[in-house]
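Asker: Kindly generate the corresponding structure for this input.
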Amino acid sequence: MIPMPFFSLIDAVLQLYTLVIFIMVIMSWLIGFNVINRHNQFVDLIWRTVNSLTEPVLRPIRNIMPNLGGLDLSPLILLFSIFFLREMNLWLKLRIGF
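Answerer: Next comes the predicted model:
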């Protein structure tokens, strides 16, 4: 029998990863439009951290998707996948009877 905190932990990790993806997308826009500069050490530290957390998951999605020019939809596909996993987690929690 799987304890209920296990499902809550999975949901919390998926929520946190969703936040990291949003930070990565917003930072890429801000860097692309020269609103923030990667020469700033703090900005570069956050960018490298967020990139190291998201790139290993986004790279396989980018390899599968067709080239859409400058449009990168891989974060959107990853967010849909995370939302699906969160719903499956909730379904399993309710199915098991917690």
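Asker: I'd like to know how many residues surround residue 24.
Answerer: 21 (other CB atoms under 10 Å). In this view, the C-beta of every residue, glycine as well, is placed from N, C-alpha and C.
Asker: now the one 3 residues further on
Answerer: Using other CB under 10 Å, residue 27 has 18 neighbouring residues.
Asker: all numbers from here: first residue = 44
Answerer: Happy to do that; since the first residue is 44 now, the last one works out to residue 70.
Asker: Can you tell me, leaving aside adjacent residues, what's nearest to it?
Answerer: Residue nearest to residue 70 in three dimensions, not counting chain neighbours: residue 90, with 5.8 Å by CB to CB, 6 or more residues apart in numbering.
Asker: Tell me which helix or strand the spatially most central residue of the chain sits in.
Answerer: Within the chain, one residue has its C-alpha closest to the average C-alpha position: by CA atoms, centre = their mean, that is residue 64, at 3.5 Å. Here residue 64 sits within helix 47-75, counting by DSSP states H and E.
Asker: so how far is that helix off the chain centroid?
Answerer: The gap between where helix 47-75 is centred and where its chain is centred comes out at 5 Å by CA atoms, centre = their mean, to the nearest Å.
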